[in-house]
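Visitor: A structural model of the following input is requested.
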Amino acid sequence: MADGNDLVMLEMEEREEREHFARVINSFKFYKMHSLKRLQLSKVSYNNLSEQHKNRILGYMDNIDTIQTCIVHNYEVIKLILQDCQYMFLNKDECITDGVCIL
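Guide: Sure, this is the predicted structure:
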């Protein structure tokens, strides 16, 4: 039988696992926003180039558009993966809702 210290350690480990899981979920939830923001910075940088430099990287904006489409589609897959994650720790005192650990 586990003594009090073992139970406290187990509870701490479970809490740390839930907190880590919540951080991972938040990372996935911010994927689209972060990726599109980064893509926008690439567009701004490209637009600031001289025409001579733009002519050296033909098709760049087409690639940017393709990447944007991929980001949007990837996020749809991420939403499907995350749709039931808030129920992951439902049988515990603490659960995860909308990617945030409720304490």
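
Visitor: Pull out the buried positions in whatever helix or strand Val24 lives in.
Guide: Counting by DSSP states H and E, the element that carries Val24 is helix 4-29. Along helix 4-29, these residues count as buried under the neighbour rule (16 or more other Cβ atoms under 10 Å): Arg15, Arg18, Phe21, Ala22, Ile25, Lys29. Bear in mind the C-beta positions are built from the backbone N, C-alpha and C, glycine included.

Visitor: List just the nearest of those to Lys37.
Guide: Lys29 (14.1 Å; Cβ to Cβ).

Visitor: just the strands in this protein please.
Guide: 95-97, 100-102 (DSSP state E).

Visitor: what's the least confident stretch among these?
Guide: Among those, strand 100-102 carries the lowest mean pLDDT, at a mean of 44.

Visitor: Please give me every residue in contact with Arg56.
Guide: Not one residue lies near Arg56 by Cβ atoms under 8 Å, 6 or more residues apart in numbering.

Visitor: let's see 10 Å
Guide: Leu49, Ser50 (Cβ atoms under 10 Å, 6 or more residues apart in numbering).

Visitor: what does the model give the most centrally placed residue in the chain for pLDDT?
Guide: Centroid check for the chain by Cα atoms, centre = their mean gives Phe28 as the closest residue, at 1.8 Å. Among the per-residue scores, Phe28 shows a pLDDT of 93.

Visitor: That one reaches Ile78, doesn't it?
Guide: Yes: using Cβ atoms under 10 Å, Phe28 is in contact with Ile78, at 5.1 Å.

Visitor: what about Glu51, distance to Leu58?
Guide: As judged by Cβ to Cβ, to the nearest Å, Glu51 and Leu58 stand 12 Å apart.

Visitor: can I have stretch 43-54 written out in CSV, keeping just the CAs?
Guide: The C-alpha trace of stretch 43-54 is given here as CSV (Å, rounded to 0.1, in the frame of the first residue of the first chain):
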residue,chain,number,x,y,z
LYS,A,43,4.7,38.9,-47.7
VAL,A,44,5.7,42.2,-46.3
SER,A,45,9.3,41.4,-46.6
TYR,A,46,8.8,40.3,-50.2
ASN,A,47,6.8,43.5,-51.0
ASN,A,48,9.7,45.6,-49.7
LEU,A,49,12.1,44.1,-52.1
SER,A,50,13.2,45.9,-55.3
GLU,A,51,11.7,44.7,-58.6
GLN,A,52,15.1,43.4,-59.6
HIS,A,53,15.2,41.1,-56.5
LYS,A,54,11.6,40.1,-56.9
